[in-house]
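> how would this look folded up:
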Amino acid sequence: TPTHIKMSLKLMNKAVTRRGVTTKAVGGQDSMTYLRTLPGISAPFPNVFDPIGLVDSTVPVKEIRRWRESELTHGRVAMLATVGFLVGEQVEDIPAFINFEGDITGPAITQFQQIRMGFWEPLLIAIGLAESYRVAIGWSPPIGSDSEGMNTLKADYVMGNLYFDPLGLAPEDPDELLEMQTKELNNGRLAMIAVAGFTAQELVDKKGILEHSGVEL
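Coordinates of the predicted model:
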C-alpha cells in the first residue's frame with residue numbers, strides 16, 4: 001500500500017549508522033572510511049571484506065557504491081541460482097514441474113539449452129522490466145540536468161534498496177537492519193562462490209551436484 005511504501009522509504013533511506021558514521025556518501029570521505037560504514041563487515045574479515053585488495057586510496061567513493069550495488073545484485077541472483085541448481089536437477093520426474101514432456105534432463109548447466117521457444121520470450125521481458133525498474137530507482141541518468149555522471153548511482157540511493165519487501169522482514173531498528181543486511185551480503189558472497197563451484201564441477205564430469213554425494217530427493 002502507499003502507506004507501507006512511504007514507511008519503507010523513510011526507514012531504508014535514513015542513515016543506518018555504525019559508530020555514528022552515516023552509510024550515505026559524505027563529501028571528502030576516503031573510500032576505506034566510507035566502506036567501513038556499510039553493512040557486510042563480520043568475522044573472519046573484521047575490517048572489510050576485500051580478499052583481493054581492490055580498495056585503496058585511489059578508488060573514489062562513487063566507485064565503492066557501484067561495486068556494492070553490483071555485489072548485492074549478483075549475490076541475490078546467485079542465491080536464487082543455488083536453489084535452482086539443487087531443485088531443478090531433482091524435479092525432472094515430478095508432473096507439476098514444467099518440463100516440456102520430460103525433454104529437460106541432466107545437469108543444471110545443460111538445461112537452459114534444452115528449453116523450447118515460448119519460454120525465453122516472457123523470461124527476457126520479465127528480466128528487462130526488473131532491470132529497468134532497478135535502473136530507474138538507483139542510477140543517475142547519463143545526460144541531462146539531473147545527471148551525476150555516466151555509470152553512477154544516485155547520491156541519495158541506498159545500495160540494494162529497491163523497496164521490495166513483500167513479507168515485511170526489514171526491521172525498524174537500525175542495528176537490527178544493519179545485521180540483516182550483513183547476513184544478506186554474507187549469504188550472497190557464499191552463494192556466488194557456490195555457484196562458481198557447481199558450474200566448474202558439472203563442466204568437469206557432466207553430473208548433477210547431488211549425484212556426487214549420492215543424494216537423490
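
> buried stuff in the longest helix seen in the chain?
The helix that spans the most residues within the chain, counting by DSSP state H, is helix 174-205. Neighbour-count burial for helix 174-205 flags 177-178, 181-182, 184-189, 191-192, 194-195, 198-199, 201-202 (criterion: 16 or more other CB atoms under 10 Å). Just so you know, the C-beta spots here come from the backbone N, C-alpha and C atoms, and that holds for glycine as well.

> going along the chain, name the helices of the chain.
2-13, 31-35, 61-88, 120-138, 174-205.

> and the ones you listed as JSON lines, adding mean pLDDT and distance to residue 54?
Formatted as JSON lines, the helices of the chain follow (pLDDT from 0 to 100; distance: least, CB to CB, whole Å):
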{"stretch": "helix 2-13", "mean pLDDT": "45", "distance to residue 54": "26"}
{"stretch": "helix 31-35", "mean pLDDT": "89", "distance to residue 54": "10"}
{"stretch": "helix 61-88", "mean pLDDT": "93", "distance to residue 54": "7"}
{"stretch": "helix 120-138", "mean pLDDT": "93", "distance to residue 54": "21"}
{"stretch": "helix 174-205", "mean pLDDT": "95", "distance to residue 54": "14"}
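
> right, so of those helices, which gets closest to residue 105?
Residue 105 lies closest to helix 61-88 among the helices of the chain, at 10.6 Å (CB to CB).

> between helix 120-138 and that closest one, find me the angle.
For helix 61-88 against helix 120-138, the angle by axes from the mean of the first three to the mean of the last three CA atoms, to 10 degrees is 150 degrees.

> does anything pack onto helix 61-88? Which helices or strands?
Judged by 3 or more CB pairs under 8 Å, 6 or more residues apart in numbering; DSSP states H and E, helix 61-88 is in contact with helix 31-35, helix 174-205.

> any chance of TSV for those helices, columns distance to residue 53?
Below are the helices and strands packed on helix 61-88 laid out as TSV (distance: least, CB to CB, whole Å):
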stretch	distance to residue 53
helix 31-35	11
helix 174-205	16
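
> count the neighbours of residue 158 for me.
When neighbours are defined as other CB atoms under 10 Å, residue 158 has 23 of them.

> look at it and report its pLDDT.
The model reports residue 158 with a pLDDT of 93.
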